[in-house]
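# sharing a model prediction with you, sequence too.
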Amino acid sequence: MRQGPSVLLVGGEEKVPLALRNVLSEAGLDVRLVQICAEARRTLNGFSVPAALFTGMALPDGTWADILHVLKCSRRAGGAAQTRAA
């Protein structure tokens, strides 16, 4: 069975990302859950741009704005994110 569109969840130690991951997975979406900005950057560098992104406001190593910057660069590059390391 083919997975639906991909979703990237970036959230610290909160329970919300786990619950959201379960709901989205049950809806047939391909969900990747990471905890910090560095993991999100690696994920975006290694995979195609997700159809949706959910992120917490503040993460241990950055903010939601850092993740959006990586995503924006990824879209411009046609898939894999090409950004400077934090």
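Arrived safely.
# low-scoring pLDDT stretches of the chain, where are they?
Scanning the chain for pLDDT under 70 picks out the ranges 1-2, 12-14, 75-86.
# just the helices in it please.
With helices called from DSSP state H, the chain shows them at 16-26, 37-46, 64-76.
# want to throw the ones you listed into TSV with mean neighbour count?
To be clear about C-beta, it is placed using only N, CA and C from the backbone, and glycine gets the same treatment. Formatted as TSV, the helices of the chain follow (neighbours: other Cβ atoms under 10 Å):
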stretch	mean neighbour count
helix 16-26	14
helix 37-46	19
helix 64-76	16
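# make a markdown table out of these and add distance to Thr55.
Below are the helices of the chain laid out as a markdown table (distance: least, Cβ to Cβ, whole Å):
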| stretch | distance to Thr55 |
| --- | --- |
| helix 16-26 | 9 |
| helix 37-46 | 8 |
| helix 64-76 | 4 |
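# tell me how many other residues crowd Ala27.
By the criterion of other Cβ atoms under 10 Å, Ala27 has 10 neighbours.
# with adjacent residues omitted, what lies nearest to it?
Leaving aside its chain neighbours, Ala27 sits nearest to Gly4 (7.4 Å; criterion: Cβ to Cβ, 6 or more residues apart in numbering).
# the one you found: what's it in contact with?
27-30 (Cβ atoms under 8 Å, 6 or more residues apart in numbering).
# list only buried entries from these.
29-30 (16 or more other Cβ atoms under 10 Å).
# what's the most distant pair in the contacts of Gly4?
Ala27 and Asp30 (10.7 Å; Cβ to Cβ).
# distance of Glu26 from Ala52?
Here Glu26 is placed at a distance of 15 Å from Ala52 (Cβ to Cβ, to the nearest Å).
# with Cys73 instead?
Counting by Cβ to Cβ, the gap from Cys73 to Ala52 is 18 Å.
# select, out of the helices of the chain, the one closest to Gly56.
helix 64-76 (6.8 Å).
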